[in-house]
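Engineer: quick one: sequence and predicted model below, then my questions.
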Amino acid sequence: QVLLQESGPRLVMPSQPLSLTCTVSGGSIRGADSYWSWVRQRPGKGLEWIGYIYYGGTTYYNPSLKSRSSVSMDMSKNHFSLNLTSVTASDTAVYFCARVARLTVVGVVVTPRYYFDLWGQGTLVSVSS
Amino acid sequence: QAVVTQEPSFSVSPGGTVTLTCGLTSGSVSTSSYPSWYQQIPGQAPRTLLYNTDIRSSGVPDRFSGSILGNKAALTITGAQAEDESDYYCVLYLNSGLVFGGGTTLTVL
């Protein structure tokens, strides 16, 4: 059973970077069949995709957050991370890490997927002085 | 970034049928956007319901079904139950990224 667990500071000062790590247990972050992603939910608001990283280091980001976001992965520690710079109070949110199924392979048949198939429990990060 | 639209709220009677939709402010939703649907109880992580338009995730009751209706993706709940009262989000794969709809709050009463 693969589990995702977010960790990192719960309180960040304005203008400072917000850094979170998602540790993956019960499975490996290597492999071509998944993206490793971050999603956030501001208080009382909807879900917002931040970005994801693919084995080999290729990244994709929400255009609205691209200039401040960076997702990286550490194969040796089997975890991936989010760094969000220059935060303000509007970055206060629950941050979820999630796995995105990219494709499935059955025999010689490769089927694209592109959906969130596994979620961490989320961690509330507050931006305040 | 494209804007994905959902009804802000919907109401259904217990045992009734409701269809939530997921559209685009510009253009049509098709299977090539790989629509997926998620249920979220406030304070909890989302739960994956459907992917690739109409494939139910493991353990999801068959009263949940997905389709393309016209130019939108649709989530239909047939025989709604009290425990279906929740927030529902669709996600589309667009321009190599994922875009959430604004979510629909479903009330069962």
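Structural biologist: Here it is on my side, so go on. Numbers count the residues shown, from 1 in each chain, chains lettered A, B, ... in the order given.
Engineer: where along chain A do the strands fall?
Structural biologist: Taking DSSP state E as the test, the strands found in chain A are A:3-7, A:11-12, A:18-25, A:34-41, A:47-54, A:58-61, A:69-74, A:79-84, A:93-106, A:109-119, A:123-127.
Engineer: list the helices and strands the shortest one packs on?
Structural biologist: If I follow you right, that is strand A:11-12. strand A:123-127 (3 or more C-beta pairs under 8 Å, 6 or more residues apart in numbering or on different chains; DSSP states H and E). In short, each C-beta sits where N, CA and C put it, glycine included.
Engineer: report the distance from the strand it packs on to the chain centre.
Structural biologist: 14 Å (C-alpha atoms, centre = their mean, to the nearest Å).
Engineer: could you do stretch A:42-62 as well?
Structural biologist: The answer for stretch A:42-62 is 6 Å, by C-alpha atoms, centre = their mean.
Engineer: may I see the buried residues of it?
Structural biologist: Using 16 or more other C-beta atoms under 10 Å in any protein chain shown as the test for burial, stretch A:42-62 gives A:47-55, A:59-62.
Engineer: return the set of buried residues in stretch A:78-96.
Structural biologist: Counting neighbours by 16+ other C-beta under 10 Å, one finds that the buried residues in stretch A:78-96 are A:78-82, A:84, A:87, A:91-96.
Engineer: what parts of chain B come near chain A?
Structural biologist: Applying C-beta under 8 Å from any C-beta of the partner chain, one finds that chain B approaches chain A through B:1, B:34, B:36, B:38, B:40, B:45-48, B:51-52, B:57, B:87, B:89, B:91, B:93, B:96-103.
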